[in-house]
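Peer 1: Here you go, sequence then predicted model.
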Amino acid sequence: MKTAKTSSVPTSAADFLPPRETLPRLQAAARECRGCELYERATQTVFGEGPAKASLMLVGEVPGDQEDRLGHPFVGPAGRLLDDALATAKIARQEVYLTNAVKHFDWEPRGKRRLHARPKTRHVNACRPWLEAEIRVVKPRVIICLGALAAQALLGRDFRITRDRGELIASSWAWRIMATWHPSAVLRAPEVRDRERMQQELTDDLRKAARMTKDRQ
């Protein structure tokens, strides 16, 4: 009777975490991550950036085309809109830790362009150990999830941005977690008035979170 072979293929980033967790060690280890198939087409791993002990952590969804090429989070059009919202909310970007729920760019070809593709649940789950490790090291007081995918990664599949946006939620991950619009969702809104409203709501939510981090200091 033949026995089934045990697969040695990694199924998550947990197989690549360093024994001692610091941001430099995590970033170096993430470059070699093969926890899911997304690394095969991505240019590089796009890991989080920011202070090792930031009070505020922003978690996006997945790197975009420019992030994949440059290796830094939030440097494309969505990143520029986020910079505007942070500046309006009087938050210095260099004092915030920025990362994504998924560290490799997932895309679909459209002629010569590479269009962002929404990661599947298995990609989010496979990459989750990196995000959990970042939270353990940074120990933010407040986490802001940008977009539904990021929010569901930390708050569960039932979370809805349209219903729960802007609420401060107690969590084991941080003193409070809040979810708001992803900047790319603002850019994709078809009507000008919707884009203006969503950008204002994003800015207001950032401002609220910043107040909460100061109140807890």
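Peer 2: Thanks, I have it. These numbers come from a predicted model, not from an experiment.
Peer 1: Help me confirm that Phe47 is found in a strand?
Peer 2: No - according to DSSP: H, G, I helix; E, B strand; the rest coil, Phe47 belongs to no strand; its state is coil.
Peer 1: in terms of contact, does it touch Lys103 like I think?
Peer 2: Yes - counting by CB atoms under 8 Å, a contact exists between Phe47 and Lys103, whose distance comes to 6.0 Å. Backbone N, C-alpha and C define where each C-beta goes, glycine included.
Peer 1: which of the two has more neighbours?
Peer 2: Between Phe47 and Lys103, counted using other CB atoms under 10 Å, the more crowded position is Lys103 (29 against 22).
Peer 1: per-residue confidence for that one?
Peer 2: pLDDT, Lys103: 97.
Peer 1: Looks like it contacts Ala126 (just checking).
Peer 2: No - Lys103 is beyond contact range of Ala126, at 9.9 Å (criterion: CB under 8 Å).
Peer 1: hmm, who's touching the helix or strand of the chain with the lowest mean pLDDT?
Peer 2: Least confident helix or strand of the chain, by mean pLDDT, DSSP states H and E, is strand 113-116 with a mean of 82. Here strand 113-116 makes contact (CB atoms under 8 Å, 6 or more residues apart in numbering) with Val62, Gly64, Asp65, Asp68, Phe105, Asp106, Trp107, Glu108, Pro109, Ser184.
Peer 1: picking that back up, intersection of neighbour lists for Lys103 and Ala126?
Peer 2: Ala13.
Peer 1: Summarise which helices and strands the helix ranked longest in the chain is packed against.
Peer 2: For the chain, the helix that runs over the most residues, judged by DSSP state H, is helix 192-215. Counting contacts by 3 or more CB pairs under 8 Å, 6 or more residues apart in numbering; DSSP states H and E, helix 192-215 packs against strand 56-60, helix 77-88, strand 142-146, strand 176-180, helix 183-188.
Peer 1: would you turn these into CSV with mean pLDDT, mean neighbour count and distance to Arg163?
Peer 2: Below are the helices and strands packed on helix 192-215 laid out as CSV (pLDDT from 0 to 100; neighbours: other CB atoms under 10 Å; distance: least, CB to CB, whole Å):
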stretch, mean pLDDT, mean neighbour count, distance to Arg163
strand 56-60, 97, 27, 19
helix 77-88, 96, 19, 21
strand 142-146, 97, 26, 14
strand 176-180, 96, 24, 10
helix 183-188, 95, 19, 15
